[in-house]
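In: Here's my sequence, what's the structure:
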Amino acid sequence: MKRYTKFAFAFLLVFALLLTACSAPEAAPAEEVAAPADETAAEEPVAEPTGKICIGLDSGGVDDKGYNQSAWDGGQQAAADLGWDAVYLVANQQTDWEKNINEFLDSDCSLIVAVGFVGGDALKVAAESNPDQYFQLIDSVVDPLPENVWAQLYKMEEGSFLAGYLAAGMTKTGIVGGFGGMNIPPVADFFVGFLEGVDYFNAQKGTDVKMLGWSNETLDGNFVGSFIDTEGARRFTESMMDEGADIILPQSGVEALAAAAAMKQRGGVMAIGADADQFLADEASGEVYLTTIMKNLGLAIIDAANSVANGTFKSGIYVADLASGGLGLAPFHDYDGAVPADLKAELAEVQRMIVDGEIVVNNWFALSSQ
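Out: Below you'll find the model as predicted:
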């Protein structure tokens with residue numbers, strides 16, 4: 001019998017309902033208003049913000065070049081669009097979530113966002129105690145879902161399926177790999193879909209590409225144990241390269257940056273990024289990224305903030321997928337010329353088949369229920 005953490009049980013329960021129904025806190029730096037070039041000119045009054053978006057980030061911090069940073073970018077964009085203020089706090093450990101959310105509750109926030117699966121319990125308690133406060137939970141749901149919570153989920157297995165198919169079509173050694181920070185459903189879904197994409201390519205092409213670091217039978221694989229252990233990430237990467245992997249998916253914030261640096265140093269190995277377009281975000285090692293499995297966190301945060309501002313906020317479980325554009329593959333950038341035209345065409349067709357339901361991609365929940 002598989003053994004799960006309490007977080008996994010919560011995720012499993014609420015997804016079942018969905019299917020039956022249809023570390024000390026780190027404060028964001030305040031932006032300074034530049035003085036007019038002509039100091040003798042009359043100064044225009046600076047308008048006071050009309051609201052505030054408060055973003056609770058997961059461990060790894062705002063500069064992780066991926067998951068947290070993309071959420072903060074979305075919060076800043078929402079604030080700019082609405083004339084709001086934007087602040088963030090980082091939960092470097094589990095106990096920080098309650099502390100950070102309580103600080104937000106004392107800060108006159110228009111919308112409080114918890115970014116990360118492990119923030120769900122603290123947000124649920126706060127939401128139930130503060131029914132007039134709007135909340136958004138990213139990458140998780142809670143049961144029962146309070147009437148003031150927007151729960152945002154992502155079918156990352158769909159984008160990862162495309163990435164797995166691409167990797168199987170691009171590998172020269174016939175070996176690809178992947179590892180994550182912690183084995184929780186939003187992370188595991190990347191590898192479930194990635195391996196199914198590899199297997200689909202093998203079935204279509206009669207090949208035998210293998211994946212290191214994850215098994216869809218055991219729903220387990222290589223995990224560093226946190227989201228900030230860059231040395232552990234480097235060791236996993238070097239071990240996979242030693243075993244012949246020439247394409248690796250490191251799904252883990254700052255750990256992914258360490259993995260990409262190791263790939264760049266070794267040479268001849270490509271990375272598949274996660275969350276934000278890593279070719280653009282990771283300037284030090286951008287050249288190694290074949291593509292990125294995009295998780296457009298910022299779009300959901302912008303949508304929720306706008307709904308608060310215009311009075312249309314509605315509690316519920318919102319799901320981003322390939323069809324909605326809430327996720328997908330980033331451009332191939334430097335590798336665009338290396339990806340064969342027929343493989344690009346196949347990827348487009350596979351995406352169409354997923355959107356149309358001709359290919360059904362499993363996720364952690366589906367496999368764990370079998």
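In: Which parts of the stretch 1-150 of the chain are helices?
Out: 6-21, 67-82, 96-105, 120-129 (DSSP state H, counting those that start in this stretch).
In: which strands and helices sit next to the last one?
Out: Contact here means 3 or more Cβ pairs under 8 Å, 6 or more residues apart in numbering; DSSP states H and E; on that basis helix 120-129 packs against helix 6-21, helix 96-105, strand 111-115, strand 134-138, strand 149-154. No exception for glycine: its C-beta is placed from N, CA and C like everyone else's.
In: rank the ones you listed by pLDDT, which is bottom?
Out: If the helices and strands packed on helix 120-129 are sorted by mean pLDDT, helix 6-21 sits at the bottom with a mean of 39.
In: Now do the contacts for Ser307.
Out: Trp150, Phe313, Lys314 (Cβ atoms under 8 Å, 6 or more residues apart in numbering).
In: Try it again at 7 Å.
Out: Listed by Cβ atoms under 7 Å, 6 or more residues apart in numbering, the contact set of Ser307 reads Phe313, Lys314.
In: Now that we're looking at it, what pLDDT does it have?
Out: 98.
In: Now find how far off-centre the helix or strand that contains it is within its chain.
Out: Assigned by DSSP states H and E, Ser307 falls within helix 297-309. Distance of helix 297-309 from its chain centroid, counting by Cα atoms, centre = their mean, to the nearest Å, is 16 Å.
In: could you pull out the strands for this structure?
Out: In the chain, the strands defined using DSSP state E lie at 52-57, 85-90, 111-115, 134-138, 149-154, 175-180, 210-212, 214-215, 220-221, 247-251, 270-275, 289-295, 316-320, 327-329.
In: residues of the helix holding Ser307 that come out buried?
Out: Leu297, Gly298, Leu299, Ala300, Ile301, Ile302, Asp303, Ala304, Ala305, Ser307, Val308, Ala309 (16 or more other Cβ atoms under 10 Å).
In: Specify which member of these is nearest to Asp199.
Out: Using Cβ to Cβ, Leu297 is the member of the buried residues of helix 297-309 that lies nearest Asp199, at 28.1 Å.
In: Confirm for me that that closest one is in contact with Gly74.
Out: Yes - if you go by Cβ atoms under 7 Å, Leu297 and Gly74 touch, sitting 5.8 Å apart.
In: re earlier: same list (the strands of the chain) but as a markdown table, adding distance to Ser239.
Out: Converted to a markdown table, the strands of the chain look like this (distance: least, Cβ to Cβ, whole Å):
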| stretch | distance to Ser239 |
| --- | --- |
| strand 52-57 | 30 |
| strand 85-90 | 30 |
| strand 111-115 | 30 |
| strand 134-138 | 31 |
| strand 149-154 | 29 |
| strand 175-180 | 9 |
| strand 210-212 | 8 |
| strand 214-215 | 14 |
| strand 220-221 | 13 |
| strand 247-251 | 10 |
| strand 270-275 | 15 |
| strand 289-295 | 20 |
| strand 316-320 | 33 |
| strand 327-329 | 26 |
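In: Dump the ones you listed to a markdown table, plus mean neighbour count and distance to Gln351.
Out: Output for the strands of the chain, formatted as a markdown table (neighbours: other Cβ atoms under 10 Å; distance: least, Cβ to Cβ, whole Å):
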| stretch | mean neighbour count | distance to Gln351 |
| --- | --- | --- |
| strand 52-57 | 27 | 31 |
| strand 85-90 | 22 | 33 |
| strand 111-115 | 29 | 27 |
| strand 134-138 | 26 | 24 |
| strand 149-154 | 24 | 16 |
| strand 175-180 | 27 | 19 |
| strand 210-212 | 21 | 20 |
| strand 214-215 | 18 | 22 |
| strand 220-221 | 16 | 25 |
| strand 247-251 | 29 | 18 |
| strand 270-275 | 27 | 16 |
| strand 289-295 | 26 | 13 |
| strand 316-320 | 17 | 15 |
| strand 327-329 | 21 | 8 |
